[in-house]
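show me the folded form of this:
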Amino acid sequence: MRYAIRLLRSCQYTGNGNSFIRRTNSVGGLKYLEINPLKRQNEVFQTNLQEREMLAFAKDITQSQPKTSKESENDELKQYMEYQRKLNHERLVYHALDYAKNHLQLNTQKLEGDEKKLRDYLKSAFPISHRFADAEKIILLLRKLVNGHNSTNNWYRMNAYFHALVYDSMKRFVKIHNQLVLESPEKAKEYGVSEGIQIDFDDWAYLYFPDLDFHIGRDLGYTHYPFAKRNKAIEDEIENKMKAGSSREEALKSIKDDYEMDDSSIKVLLGKPVSTEDTELFFTSVE
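Below you'll find the model as predicted:
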């Protein structure tokens with residue numbers, strides 16, 4: 001399986017209205033917002049993919065039919081590629097962000113005046129993002145992400161703050177979705193993200209995030225091995241430089257170029273809150 005993941009990450013793909021809250025439901029002990037995604041699917045997702053442009057990941061999320069000639073030689077690879085062809089990455093990203101935004105808005109209203117409970121909710125729902133943004137700022141970032149994802153004629157590059165928020169949102173939504181697949185498969189199918197199968201979040205994160213630098217200092221697990229190896233190397237260099245007398249900021253800046261880390265990653269790792277300039281998405285090329 002590790003071979004299949006590496007191959008897919010390196011290969012080129014070949015091949016071919018806003019949701020609304022219905023009610024709060026729960027599955028596997030987790031509360032979630034039951035939404036009707038069909039209106040948005042009809043209005044947006046049937047647009048010609050060549051005209052749909054959106055958030056830019058490490059791989060093009062509009063391409064959902066990956067193929068490789070090596071499938072005929074390896075049954076495990078063929079099975080993995082068949083799994084990949086069942087995923088609709090565009091819808092998956094949309095529903096993850098939309099769910100995160102709607103649920104945060106609901107809890108912000110519900111917990112108004114109770115700052116402790118709201119902080120606890122943010123810590124649970126956004127384990128990385130809550131460190132650098134409050135509820136109001138996270139809602140702002142989520143709105144920008146959703147709007148960017150719904151854009152036409154533009155691709156948007158995300159900084160480390162946005163990547164961390166997408167990571168939090170995706171991880172949470174995939175957990176909800178996978179439980180729905182087991183306990184309420186018809187509801188899971190309504191999202192149209194995986195043809196009714198469970199999604200491997202760790203695999204998705206490795207394929208579609210350019211790096212997980214915002215996760216440095218936190219355990220990634222073995223499935224993120226390439227990223228974990230990079231992050232561990234960075235952590236070790238930071239630790240060694242700090243032992244030699246450098247501050248954490250000095251240590252990070254001294255290795256920034258060696259690891260091609262961008263400024264926003266440094267700010268996230270220093271625990272700096274989101275600034276106005278950090279809330280902007282940037283136009284980028286499809287390449």
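
quick one: terminal-to-terminal distance for stretch 123-135?
10 Å (CA to CA, to the nearest Å).

now that stretch: buried residues?
Within stretch 123-135, the residues scored as buried using 16 or more other CB atoms under 10 Å are A125, F126, I128, S129, H130, F132, A133, A135. The C-beta positions use only the backbone N, C-alpha and C, and glycine is treated the same way.

cool, and stretch 94-108?
94-105, 107-108.

what average pLDDT does that stretch get?
Across stretch 94-108, pLDDT averages out at 97.

name the SS class of A188, please.
For A188, the assignment made with DSSP: H, G, I helix; E, B strand; the rest coil gives helix.

for the longest helix anywhere in the chain, buried residues please.
Across the chain, the longest stretch assigned as helix under DSSP state H is helix 160-183. Buried residues in helix 160-183, counting neighbours by 16+ other CB under 10 Å, are found at 160-181.

for the stretch 101-250 of the chain, which segments count as strands?
Secondary structure of the stretch 101-250 of the chain (DSSP state E, counting those that start in this stretch): strands at 155-157.

how about low-confidence regions in it?
Within the stretch 101-250 of the chain, the stretches with pLDDT under 70 are 152, 221-223.

quick one on the thing from earlier: save the buried residues of stretch 94-108 as JSON lines, and put in distance to R85 too.
As requested, the buried residues of stretch 94-108 are exported to JSON lines (distance: CB to CB, whole Å):
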{"residue": "Y94", "distance to R85": "19"}
{"residue": "H95", "distance to R85": "19"}
{"residue": "A96", "distance to R85": "20"}
{"residue": "L97", "distance to R85": "23"}
{"residue": "D98", "distance to R85": "24"}
{"residue": "Y99", "distance to R85": "24"}
{"residue": "A100", "distance to R85": "26"}
{"residue": "K101", "distance to R85": "29"}
{"residue": "N102", "distance to R85": "29"}
{"residue": "H103", "distance to R85": "30"}
{"residue": "L104", "distance to R85": "32"}
{"residue": "Q105", "distance to R85": "34"}
{"residue": "N107", "distance to R85": "36"}
{"residue": "T108", "distance to R85": "38"}
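
the stretch 101-250 of the chain: helices as residue ranges?
Assigned by DSSP state H, counting those that start in this stretch, the helices in the stretch 101-250 of the chain fall at 115-125, 135-149, 160-183, 185-190, 201-208, 225-243, 248-255.

out of those helices, which is closest to S64?
helix 201-208 (12.1 Å; CB to CB).
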